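Novice: Based on what follows, work out the 3D shape:
(one chain, ligands or ions: 1)
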Amino acid sequence: MAKAQVTISQRGADRIRTGHLWVYRSDVRAADAESGDVVHVKDERGNFIGHAFYSTRSQIAVRLLTRDDVPVDRAFFVARIRAAAEFRKLAVQNTEAYRLIYSEADLLPSLIVDRYGDFLVIQTLSQGTERRKEEFVSILTELFSPRGILERNDPRVRELEGLDRRVSLLSGQVPEEVVASRNGIRFVHDLYKGQKTGAFLDQRENHAAAVAYTSGEVLDCFTYHGGFALSTASRAAHVEGVDLSNAAIAIARRNQELNQITNVTFREANSFDVLKAYDEAGRKFDVVILDPPAFAKNRDSVPSAMRGYKEINLRAIKILKPGGILITCSCSYHIQESLFLQIVAEAATDARKPLQIVERRTQARDHAILLTMPETHYLKCLILRVL
Ligand SMILES: C[S@@+](CC[C@H](N)C(=O)[O-])C[C@H]1O[C@@H](n2cnc3c(N)ncnc32)[C@H](O)[C@@H]1O
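Specialist: Have a look, this model is predicted:
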């Protein structure tokens, strides 16, 4: 059979040369390839560009695997997965749940693997990784001997690839609940139904960082399973954790019990309402944490997202005591750090309170950022102090 190949425009080739890994369909000039093929990519002059996954459906038609003319076979993927795991040995400490493979940032586009103790959760988010799912399961089994591998292939992005959305067991056994520690705190994880693959692992280092700034009364809005609340409890007089989801609060309370933490109260409520009520009542806190869901899911929703971020940040700043700490996050890729800083600055101006930037943080290092691919950098976490 002839080798699958794709010819891309000069613009597409230039994009790859700058270190980006994607070529959009509008830059594909010719394609002789099927769903999920590893294709030989060349420019219109016939120059070799690299080997890539090809998608017949997505606007991201080409996802580069390598610029070298090497075989893309099992050994190729074993080497990439080993390299990703080696990096985690350096970057991850004191935790049993972390991201083992982060897609483009590990040069394994559209493959995500999260580790929760002895269990792995895999996401194959394009035709290319979906087609090799069994091979990835075999490699992961060989390298890490997990007790079970679950596919959490329910993200909506799969539809853009013409793939179904599913959650299923791919090997071994995965219990309904897995307890794994993060920063020395034990968390219950529901790998089948929890958000993302079960937890917001990307916030792990920010949970730990928050502890150093904690004292007195803490309000953790959008707490989910209590990541910030239970971490800061060790240095707080009292922490209140708020989330809209009844299921999330139930697990947060179980985590609290599991760790025998007594100075945290979790409650099911809308953070917008809670912040407004405390502001109107004149209640004050030493630390306020804001970690809402992505308000801007796409470029069109940026203006309304900005209003949402502004409102919660304004309320949070108003209810902070002098010297108080605001830990404010945005996981919207479309709200870049400079824009997020601007929104928080406007909130501080409206609240008539000067704020000092103490730290500008991002996603945990196991969710590495590929320098030449801004799409891999999505989480912002600012730590600010009211003067
Ligand atoms: C990004 S997650 C928070 C992750 C968590 N802070 C952590 O570190 O693990 C966002 C959370 O906000 C909750 N949520 C969404 N809208 C909300 C609202 N209006 N009020 C309170 N919680 C909300 C979701 O249920 C979800 O648990």
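Novice: The closest residue to E177 other than its chain neighbours is in what secondary structure piece?
Specialist: Distances taken as Cβ to Cβ, 6 or more residues apart in numbering place V188 nearest to E177, at 5.3 Å, with adjacent residues excluded. All C-beta spots, glycine's among them, are computed from the backbone N, C-alpha and C. Taking DSSP states H and E as the definition, one finds V188 inside strand 185-189.
Novice: now do Q260
Specialist: Here Q260 sits in a region with no helix or strand, counting by DSSP H and E.
Novice: Tell me who's in contact with the most centrally placed residue in the chain.
Specialist: Centroid-nearest residue in the chain, with Cα atoms, centre = their mean: D202, separated by 5.0 Å. Each residue near D202 by Cβ atoms under 8 Å, 6 or more residues apart in numbering is listed here: R99, C331, Q363, A364, H367, L379.
Novice: Return only those of those found close to the ligand.
Specialist: For the ligand, the contacts drawn from the contacts of D202 by Cβ under 6 Å from any ligand atom are C331.
Novice: For the contacts of D202, name the two members farthest from one another.
Specialist: For the contacts of D202, the maximum inter-member distance is 14.2 Å, found between R99 and C331 (Cβ to Cβ).
Novice: So the two - more neighbours on which side?
Specialist: Higher neighbour count among R99 and C331: R99, with 28 against 19, using other Cβ atoms under 10 Å.
Novice: Could you give the number of residues near the closest residue to that one other than its chain neighbours?
Specialist: Closest residue to R99 apart from its sequence neighbours, by Cβ to Cβ, 6+ apart: D366 at 4.3 Å. Residues near D366, counting by other Cβ under 10 Å, number 25.
Novice: from now on call the first residue 364
Specialist: Happy to do that; since the first residue is 364 now, the last one works out to D729.
Novice: need the contact list for D729.
Specialist: Counting by Cβ under 8 Å, 6+ apart, the residues that D729 touches are R451, A454, V455, Y461, R462, L463, Y465, L564, R567.
Novice: Who wins on neighbours among these?
Specialist: R462 (28 neighbours).
Novice: bridging residues for whichever residue of the stretch 364-513 of the chain sits closest to the ligand?
Specialist: With Cβ to the nearest ligand atom as the measure, A460 is the residue of the stretch 364-513 of the chain nearest to the ligand, at 11.3 Å. Beta-bridge partners for A460, by DSSP bridges, are Y479.
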